[in-house]
Every structure is written in structure tokens, then in C-alpha cells.
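Engineer: Using only what follows, build the 3D model:
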Amino acid sequence: MSVFAVLDPAVRLAHDAVSALAAVVPTALAVVLFTALVRLALHPLARSAARGEKVRMRLAPKVAELNRRHKGKPEKLQAALTELYREEKSSPFAGFLPMLVQIPFFSVMYRLFTTPNDLLGHTLAGVPLGLHLGEARSAGQYAVLGALYAAIGAVCWVGFRRARRASAAAAAASPTAAGAPAVPGARLLPYLSFGTVLFAAFVPLAAGLYLLTTTAWTAAERAWLHRGAPVPATAAALAA
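Structural biologist: Coordinates of the predicted model:
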């Protein structure tokens, strides 16, 4: 029995919702609409996460100064950080907890589009929604899958560029003595965006449509919520 079987009741509800949409629009479009509706319902959590990230960014210089001042004194450092966040009525985890709450929703949607069901028998431009890249045989199938991967790649490119700018800004703000970014591996973080394209190649077409929709939503949502302010490099890299 799969550990994800605990999600089956929620998956059935999601299946019924997509089926209801598919009764009035093509199933591929129903997948996109359902994904967008779920992301819209989760938008308040994204706003909360963005507020937490902005607080952490604003306090970063103060946190760096406290680390310098209390170097080698973990007890005093922890007390100083606790007082700092208490004064700001925030927490160092304020931006992460809302994102963690979203994981079950995304798990349900992933399971819906990767578990065999009647929805995957429908088609997009003649290509079954349950088709994997490894099962493609005709030029038409490769063309549809290729267009999907190209679209996901384009969205990931946007995330890559935003992450590159955020990494450069972070490096300029707090470089190490050697001139390297302060965060280990920060140079590699922007490239994480393209992992979504690779992941899409191993899931059915329906799941690829979900990935395209949710990645595009995330990119647009983050651009809106962080307009006028740099996006944290890690968050920008994972956005796509």
C-alpha cells in the first residue's frame, strides 16, 4: 500500500471536480482550470509567505550584525534574534510555514494526474493525457509533448533570470572576503528552475499540463507579490 493512499479521498474529490469541468470544456482545459482554481484558493497562503520573506529580507542586515557581534556565543545570539523578531512581530519561519501547508494540496493534484483514471484517456490534439514521453511513437505525439516542454522551459527561463538577479543582489549586499556569494551554492540555485522541465518528461501529459499551469501561476504570483522588491534567490529558483 502506497504511503500516498491516505490522499485517496481528496484525490477522488479532485477527480470529481475535474470531471465536472470536463463536462463543459475539453478535459485538457479542465485540468488547467482546476489547477488555476486551486492556486487561487491557496493565494492567501502565498501572500502570507511573501510577507514573511519581505520581513526576513528587511531584517537581514540586522541579523548579519547580530551574528558578527555574538560570534561564538550561540546563547546570546539566539536571545538577540528572538528579541529582534519579537519586536517585529514576526518569526524567521513566517515565510516557510504557509508554503508547507500547500504541500498536501500539490500532492493530491500530482497523484490525480499520475494515477490511472478515466480522465487520462481523454486527449489533447489527439494525444492521450495519460501518455508519457517514453511511450510516444508518432510525430504528432512528440510535437505536442515538445511544445509542452518548451512552454514549461520558457516559464523556467523567467524564474532563472529572476533568480540570477536575486543571487547577484545578495552577493553584492553580503559578499564574503573572497568575493563569493555569502550563501553556499548560491551560484547554482538559479539552475534549479529547469528541474521542472526534466520532471515533466517523466510524468503523463496531464501532469505536465498541471506543471505548466502551476509554474506559470507561481511566476506571475511572485512577480506581483514582490513587485518593486528583489526576490530571495532560493525562493525564485524554486518558484518554477
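Engineer: By mean pLDDT, flag the weakest helix or strand of this structure.
Structural biologist: Lowest mean confidence among the helices and strands of the chain (mean pLDDT, DSSP states H and E): helix 233-239, at a mean of 47.
Engineer: Ramachandran angles for L124?
Structural biologist: When quoted as degrees, to the nearest 10, the phi and psi of L124 stand at phi -130, psi 110.
Engineer: confidence score at it?
Structural biologist: Per-residue pLDDT puts L124 at 95.
Engineer: Not counting sequence-adjacent ones, nearest residue to it?
Structural biologist: A28 (4.0 Å; C-beta to C-beta, 6 or more residues apart in numbering). Any C-beta I mention is one placed from the backbone N, CA and C, and that applies to glycine too.
Engineer: If I look at the one you found, what pLDDT would I see?
Structural biologist: A28 is assigned a predicted lDDT (pLDDT) of 96.
Engineer: mind checking how far the lengthiest helix in the chain is from the chain centre?
Structural biologist: Longest helix in the chain, counting residues (DSSP state H): helix 139-173. The gap between where helix 139-173 is centred and where its chain is centred comes out at 12 Å by C-alpha atoms, centre = their mean, to the nearest Å.
Engineer: What of stretch 18-38?
Structural biologist: The answer for stretch 18-38 is 21 Å, by C-alpha atoms, centre = their mean.
Engineer: Pull the residues that contact that stretch.
Structural biologist: Applying C-beta atoms under 8 Å, 6 or more residues apart in numbering, the contact partners of stretch 18-38 are 14, 17, 105, 109, 112-113, 118-119, 122-124, 129, 206, 209-210, 213-214, 217.
Engineer: Report the residue spans of this protein with pLDDT below the cut-off.
Structural biologist: The model of the chain has pLDDT under 70 over residues 1-4, 94-95, 97-98, 163, 166-191, 228-240.
Engineer: how about the strands in it?
Structural biologist: 123-124, 127-128 (DSSP state E).
Engineer: Using a markdown table, lay out those together with mean neighbour count and distance to G153.
Structural biologist: What follows is the strands of the chain, written out as a markdown table (neighbours: other C-beta atoms under 10 Å; distance: least, C-beta to C-beta, whole Å):
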| stretch | mean neighbour count | distance to G153 |
| --- | --- | --- |
| strand 123-124 | 18 | 18 |
| strand 127-128 | 18 | 19 |
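Engineer: coming back round to it: which members of the contacts of stretch 18-38 are classed as buried?
Structural biologist: Buried by 16 or more other C-beta atoms under 10 Å: 14, 17, 105, 109, 112-113, 119, 122-124, 129, 206, 209-210, 213-214, 217, out of the contacts of stretch 18-38.
Engineer: any idea how far Y149 is from V18?
Structural biologist: Distance from Y149 to V18, counting by C-beta to C-beta, to the nearest Å: 22 Å.
Engineer: So which of those two has more stuff around it?
Structural biologist: V18 (22 against 19; other C-beta atoms under 10 Å).
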